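In: structure here, sequence nowhere to be found:
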């Protein structure tokens, strides 16, 4: 037990002394028992480089490989595990929903008594946590710790509990602070700290930072900030961003604090703000603060204060919009961002792309006339999907962000969710309903579709009582940034031919018998021509020797024209001659008529 920074109390049981006093003279080797644990990362070793997803529908929970080419006759998927062990006992794998851990190592299932984590090839039980009627969970980014909440403030039991994932031990419990939004505890990027916004024992507003795994207060005291309402860590550094709303003549405050030094890096006051929101860049390079101000009784203006966190003195850029802005999204691993401005007069919306330069922000492109309410950037940053989810009809526009051209405009009717896989190769769209709700207005459209990054439909599956469908996350690459850049740079030279050959084999395998034979003959002809051309090039010296040094390839060709006629068809036909009437006979007939 740790008493303070310099003193730790360690104890031994009395039985340990008895055991050490009675050590036998003869050594007896201990019987070794197998203690092999499931490999939680084995799904990353798939030879076909496929992604997994979980499907929660009706009473079933199933894990699949996404394989549209090889499993085209099986809804483009291959079953990994469908809870067979539970079905044999007449039980369901989960009573409510499921949730992946951030790196995909665990699948969490919700039950009345608490939570269970599963992992490995056969999804064995890894750990369980007893917390009655758990409704929400939040893993630390490192997956070493877990927060559970049952949303109930019971005087006898904590509503929010922090757990050690490996041991299953409860580290600390909290009551739910009134007026706070989920997640109630925010993790640092490494999982070494977790913060909570609330009140101290004396009733002061404060940000409390706890050190893992002991869950003790950092420096044994909270960071007191009067009227603080929101705080969260940067996704990459131990920086805390916080927001204090405006009170009377005191302006709203946005600030950055470094942990563990508690040094205030930057503060900025905002006047006349009625609504704010914070948007961190995924690499922690920028932080955007949305500030909505009242212009008139019916109109507002929106301003974004963008902090350049990594630059000296943390300079701030400002960009203003004359009206509300519905969505703001950063480009993953890049320096661009996109905003979705409120609907135009004709019911359409405008998407604008900006780029962060060294000392300014420039506008790159405007995409107008869109029926949408959601922007989703692929993890690779190469594609942006402009989507119109419910209540919109489900229009999806795939935009190539290299040239801002639309690669596909498609629709998933009544779409409620969309999610990119970790690699950015596939987009999953789905129509799902609340768990346990038997009648739902979109019940006839339930199911999912999977699209390529350019908007080509790969899979379209209808699923009755579809509640959840989610990609399995992958851990971040362990390779350094310069190595990843080198791989991307040499991708076409070193690996493209191999990928094209694999794609060709997949296309042939998916063809019918007659089409496959035609493709094989075509490939044989191409191979024969390539072989003959190689022979022709090798024999060039021999041809030159036979022609006194003149290469046949260099010989002058004499061009001439020749005209000739070709008789395509000849047919002889006898035609009867018509009767001939003399003019004199005609005159005689005319006189008789007179």
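Out: Yes, it's here. What you see is a predicted model; the values in this text were computed from it and never measured.

In: so, low pLDDT: which residues of the protein?
Out: Across the chain, the ranges flagged by pLDDT under 70 are 32-35, 155-156, 178-179, 343-347, 437-442, 506-516, 550-594.

In: pairing partners for the one helix or strand residue 329 maps to, with directions?
Out: Using DSSP states H and E, residue 329 sits within strand 325-330. Taking DSSP bridges as the criterion, strand 325-330 forms sheet pairs with strand 336-341 (antiparallel).

In: buried ones in the strand it pairs with?
Out: 336-341 (16 or more other Cβ atoms under 10 Å). (Each C-beta comes from the backbone N, C-alpha and C, glycine too.)

In: could you export those to a markdown table, including columns for distance to residue 518?
Out: Output for the buried residues of strand 336-341, formatted as a markdown table (distance: Cβ to Cβ, whole Å):
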| residue | distance to residue 518 |
| --- | --- |
| 336 | 46 |
| 337 | 49 |
| 338 | 45 |
| 339 | 51 |
| 340 | 48 |
| 341 | 52 |
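
In: ok, residue 161 touching residue 152?
Out: No - the pair residue 161 / residue 152 is not scored as a contact, 11.9 Å apart, by Cβ atoms under 8 Å.

In: who has more neighbours, these two?
Out: The neighbour comparison of residue 161 against residue 152 (other Cβ atoms under 10 Å) goes to residue 161, with 22 against 13.

In: go over the secondary structure and confirm residue 430 is in a helix.
Out: No - counting by DSSP: H, G, I helix; E, B strand; the rest coil, one finds residue 430 to be strand, located in no helix.

In: not counting its neighbours along the chain, what's nearest it?
Out: residue 448 (4.0 Å; Cβ to Cβ, 6 or more residues apart in numbering).

In: does residue 398 touch residue 378 like I think?
Out: No - the criterion here is Cβ under 8 Å, and residue 398 misses it with residue 378 at 9.4 Å.

In: overlap of the contact sets of the two?
Out: 384-385, 427, 453 (Cβ atoms under 8 Å, 6 or more residues apart in numbering).

In: buried subset of those residues?
Out: 384-385, 427, 453.

In: nearest to residue 329, of those residues?
Out: residue 384 (8.3 Å; Cβ to Cβ).

In: how much space between the closest one and residue 228?
Out: 34 Å (Cβ to Cβ, to the nearest Å).

In: cool, residue 337 as well?
Out: Taking Cβ to Cβ, one finds residue 337 at 26 Å from residue 228.

In: the helix or strand where residue 460 lies pairs with which strands?
Out: In this structure, residue 460 is located in strand 457-462 according to DSSP H and E. Neighbouring strands of strand 457-462 in its sheet, by DSSP bridges, are strand 447-452 (antiparallel).

In: list the buried ones in the strand it pairs with?
Out: Quick answer for strand 447-452 (16+ other Cβ under 10 Å): 447-452.

In: now these in JSON lines, with distance to residue 259?
Out: Putting the buried residues of strand 447-452 into JSON lines (distance: Cβ to Cβ, whole Å) gives the following:
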{"residue": "447", "distance to residue 259": "45"}
{"residue": "448", "distance to residue 259": "41"}
{"residue": "449", "distance to residue 259": "43"}
{"residue": "450", "distance to residue 259": "41"}
{"residue": "451", "distance to residue 259": "41"}
{"residue": "452", "distance to residue 259": "42"}
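
In: which one of those is nearest residue 86?
Out: residue 448 (23.2 Å).

In: distance-wise, check the closest one relative to residue 391.
Out: 20 Å.

In: same deal with residue 152?
Out: 32 Å.

In: look through this structure and tell me its longest helix.
Out: helix 513-538 (DSSP state H).

In: which strands or helices does that helix pack on?
Out: Helix 513-538 sits against helix 496-510, with contacts defined as 3 or more Cβ pairs under 8 Å, 6 or more residues apart in numbering; DSSP states H and E.

In: any chance you could map the strands in the stretch 201-350 of the chain?
Out: All strands of the stretch 201-350 of the chain, identified by DSSP state E, counting those that start in this stretch, fall at 205-211, 216-217, 223-224, 230-233, 239-244, 252-258, 263-270, 273-280, 286-294, 300-308, 316-321, 325-330, 336-341, 349-356.

In: can you list those in JSON lines and add distance to residue 544?
Out: Formatted as JSON lines, the strands of the stretch 201-350 of the chain follow (distance: least, Cβ to Cβ, whole Å):
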{"stretch": "strand 205-211", "distance to residue 544": "81"}
{"stretch": "strand 216-217", "distance to residue 544": "87"}
{"stretch": "strand 223-224", "distance to residue 544": "85"}
{"stretch": "strand 230-233", "distance to residue 544": "74"}
{"stretch": "strand 239-244", "distance to residue 544": "73"}
{"stretch": "strand 252-258", "distance to residue 544": "75"}
{"stretch": "strand 263-270", "distance to residue 544": "75"}
{"stretch": "strand 273-280", "distance to residue 544": "69"}
{"stretch": "strand 286-294", "distance to residue 544": "65"}
{"stretch": "strand 300-308", "distance to residue 544": "67"}
{"stretch": "strand 316-321", "distance to residue 544": "68"}
{"stretch": "strand 325-330", "distance to residue 544": "63"}
{"stretch": "strand 336-341", "distance to residue 544": "58"}
{"stretch": "strand 349-356", "distance to residue 544": "58"}
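
In: for residue 475, find the nearest of those strands.
Out: strand 230-233 (19.0 Å).

In: what does the closest one rub up against?
Out: 186-189, 193, 195, 197, 207, 239-243, 278, 280.

In: the same query, at a cut-off of 10 Å, please.
Out: 141, 180-181, 183, 186-190, 193-197, 206-209, 223, 225, 239-245, 254-255, 257, 259, 276-278, 280, 284, 287 (Cβ atoms under 10 Å, 6 or more residues apart in numbering).

In: return the members of the residues you listed classed as buried.
Out: For the contacts of strand 230-233, buried by 16+ other Cβ under 10 Å: 141, 183, 186-189, 193-197, 206-209, 223, 225, 239-245, 254-255, 257, 259, 276, 278, 280, 284, 287.

In: picking that back up, going by distance to residue 488, which of the shared contacts of residue 398 and residue 378 wins?
Out: For the shared contacts of residue 398 and residue 378, the nearest to residue 488 is residue 453 (15.1 Å; Cβ to Cβ).

In: work out for me the element residue 483 sits within.
Out: Assigned by DSSP H and E, residue 483 falls in helix 481-489.

In: which strands or helices does that helix pack on?
Out: Taking 3 or more Cβ pairs under 10 Å, 6 or more residues apart in numbering; DSSP states H and E as contact, there are no helices or strands that helix 481-489 lies on.

In: how much distance is there from it to the middle of the chain?
Out: 21 Å (Cα atoms, centre = their mean, to the nearest Å).

In: show me the shared contacts of residue 398 and residue 378 that map onto strands.
Out: 384-385, 427 (DSSP state E).

In: bridge partners for the residue nearest the centre of the chain, pull those for me.
Out: What sits nearest the mean C-alpha location of the chain, by Cα atoms, centre = their mean, is residue 420, with 3.1 Å. Going by DSSP bridges, residue 420 is paired in beta bridges with residue 427.

In: pretty sure it contacts residue 387?
Out: No - with contact defined as Cβ atoms under 10 Å, residue 420 does not reach residue 387; the gap is 11.6 Å.

In: name the residues contacting each of these two.
Out: 376, 427.

In: got the contact list for residue 457?
Out: Per Cβ under 10 Å, 6+ apart, neighbours of residue 457: 68, 408, 410, 412, 429, 449-451.

In: now it: how far from residue 219?
Out: Residue 457 is 56 Å from residue 219, by Cβ to Cβ.

In: likewise residue 105?
Out: 32 Å.
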